[in-house]
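Q: can you look at this prediction? I've put the sequence above it.
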Amino acid sequence: TDLPALLRTMPKAELHVHIEGTLEPELIFALAERNGITLKYDGVEALRAAYAFTDLQSFLDIYYAGASVLLKEEDFFDMAMAYFRRAADDHIVHAELFFDPQTHTARGVDIGVVIRGLSRALDTARQDFGISGALILCFLRHLSEEDAFATLEQALPYRQHFIGVGLDSSEQGNPPEKFARVFARCRELGLHLVAHAGEEGPASYVRDALDLLHVERIDHGVRSIDDADLMHRLATKRVPLTVCPLSNQKLQVYPDLRDHSLAKLLAAGLCVTINSDDPAYFGGYLNTNFLATFEALPELRANHAWQLAANSFEASFVDAATRTRWL
Ligand code: ES4
Ligand code: ZN
């Protein structure tokens, strides 16, 4: 049996991908040219050479610089369509995309430009590739609660275009409790709730994301392995973890993939999924993540591949009827 072929061709959902993290250097330079923006990097090669990260913050600095070329509705559309073409190649049938409106509104880009461009790409991807897509608005946790509330306010005219909210950016020093009131408001609005937790931050941030923010999924969550009680809770409640192996390797969470906790989390009965996070920056899209992970962790076999695919549908926010059809 050919395990790599199974990993590549099995239908799967992607639940943790930042659409701004899919901007390839070639597209960054093409959009810079189109918008008359000068970048501080000399060209595609010089930019790619800067992708040597020591931690989350060293990545975020470059990621926000790359996103600065996005100005027009068409830019957001083109970026998302480039992702969906890659997703189709990887046999992704459903994708829930994070977007960071504050990265754009802070530069004077209207949130409507962002959401309309992305939303039109979702419609086109369904027609052209048969992929269902959904948007999750992420608050930047290094910014204030007040800024998050203002962003939510700006987004509400587009309420029907996104299914939920998340929390991303610099985790250390920006704990879940900082956004408890914003998430409470989002919960009242009937939005799905997720948050990055336990990527660089401690297992206690995972617990607090559950108890204080009432999130339905944890993004990353790999540090949960340090807390036996939390592990038991995640397993019995089937709280999904959207794990991003190549991201964890590139940001030095697990510098060697052979040390990654994914197989242990899966063996402990957690609803683990594999995702690409920021594929243009971390060395590959979803199938590359699957292939690298299974190569680094030889205890993972075909049954684990099926489990991970099934988990991705179980953890998704599609309606119950669609989920049952996929499972
Ligand atoms: C992110 Cl890898 C990661 N962690 C936290 N925030 C992010 N935003 C984009 N990628
Ligand atoms: Zn992420």
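A: Perfect, thanks for sending it. Ligands and ions are numbered 1, 2, ... in the order given.
Q: any idea how far Val206 is from the one residue in the chain that gets nearest to ligand 1?
A: Taking C-beta to the nearest ligand atom, ligand 1 has its nearest neighbour within the chain at Asp168, 3.5 Å off. For every residue, glycine as well, the C-beta is placed using N, CA and C. Distance, Asp168 to Val206, by C-beta to C-beta, to the nearest Å: 15 Å.
Q: and those two? which has more neighbours close in?
A: Comparing Asp168 with Val206 by other C-beta atoms under 10 Å, the one with more neighbours is Val206, at 31 against 25.
Q: so the more buried one sits against Ala195, correct?
A: No - the pair Val206 and Ala195 does not pass the contact test of C-beta atoms under 8 Å, sitting 9.0 Å apart.
Q: checking His232 next. Helix, strand or coil?
A: Under DSSP: H, G, I helix; E, B strand; the rest coil, the three-state class of His232 is helix.
Q: give me the number of residues near it?
A: Neighbours around His232, by other C-beta under 10 Å: 13.
Q: now Met10
A: 17.
Q: likewise for Glu295?
A: Count around Glu295 with other C-beta under 10 Å applied: 14.
Q: what residues of the lowest-mean-pLDDT helix or strand in the chain count as buried?
A: Ranked by mean pLDDT, DSSP states H and E, the helix or strand of the chain with the weakest confidence is helix 320-326, at a mean of 88. Neighbour counts over helix 320-326 (16 or more other C-beta atoms under 10 Å) mark Arg323, Trp326 as buried.
Q: the residue of the chain closest to ligand 1 bridge partners, please.
A: Leu140 (DSSP bridges).
Q: what sits against it?
A: Residues in contact with Asp168 (C-beta atoms under 8 Å, 6 or more residues apart in numbering) are His18, Phe98, Asp100, Cys138, Phe139, Leu140, Arg141, His196, Asp219.
Q: so the last one sits against Ala195, correct?
A: Going back to what we said before, that points to Asp219. Yes - using C-beta under 8 Å, Asp219 is in contact with Ala195, at 6.4 Å.
Q: more neighbours: these two, which one.
A: Taking neighbours as other C-beta under 10 Å, Asp219 and Ala195 compare with Ala195 leading, 31 against 28.
Q: check contacts around the closest residue to that one other than its chain neighbours.
A: Closest residue in space to Ala195, ignoring its immediate chain neighbours: Leu167 at 4.0 Å, by C-beta to C-beta, 6 or more residues apart in numbering. For Leu167, the contact set (C-beta under 8 Å, 6+ apart) comprises Cys138, Phe139, Arg141, Pro176, Phe179, Phe183, Val194, Ala195, His196, Ala197, Ala209, Leu213.
Q: switch the cut-off to 7 Å
A: Cys138, Phe139, Arg141, Phe179, Ala195, His196 (C-beta atoms under 7 Å, 6 or more residues apart in numbering).
Q: just Met79 next, same as before
A: Neighbouring residues of Met79 by C-beta under 7 Å, 6+ apart: Ile19, Thr22, Leu23, Leu27, Leu70.
Q: out of those residues, which are buried?
A: Ile19, Thr22, Leu23, Leu27, Leu70.
Q: ok, back up a step: so of the contacts of Met79, which ones are in helices?
A: Among these, DSSP state H puts Leu27 in helices.
Q: closest to Leu234 out of the contacts of Met79?
A: Ile19 (26.9 Å; C-beta to C-beta).
Q: Asp75 sits in which helix or strand?
A: Using DSSP states H and E, Asp75 falls within helix 73-89.
Q: list the buried residues in that helix.
A: By neighbour count on 16+ other C-beta under 10 Å, the buried set for helix 73-89 is 73, 75-84, 86-87.
Q: same question for stretch 269-279.
A: Residues Leu270, Cys271, Val272, Thr273, Ile274, Asn275, Ser276, Asp277, Asp278, Pro279 are the ones in stretch 269-279 that count as buried (16+ other C-beta under 10 Å).
Q: list the buried residues in stretch 21-34.
A: Those would be Gly21, Thr22, Leu23, Glu24, Pro25, Leu27, Ile28, Phe29, Leu31, Ala32, for stretch 21-34 by 16+ other C-beta under 10 Å.
Q: would you map the strands across the protein?
A: Using DSSP state E, the strands found in the chain span residues 12-18, 92-99, 132-140, 164-168, 192-197, 217-220, 241-243, 272-274.
Q: can you put the ones you listed in TSV and add mean pLDDT?
A: Formatted as TSV, these follow (pLDDT from 0 to 100):
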stretch	mean pLDDT
strand 12-18	99
strand 92-99	98
strand 132-140	98
strand 164-168	98
strand 192-197	98
strand 217-220	98
strand 241-243	99
strand 272-274	99
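Q: save the ones you listed as TSV, and put in distance to Phe290 too.
A: Shown next, in TSV, are these (distance: least, C-beta to C-beta, whole Å):
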stretch	distance to Phe290
strand 12-18	8
strand 92-99	11
strand 132-140	20
strand 164-168	23
strand 192-197	21
strand 217-220	17
strand 241-243	11
strand 272-274	6
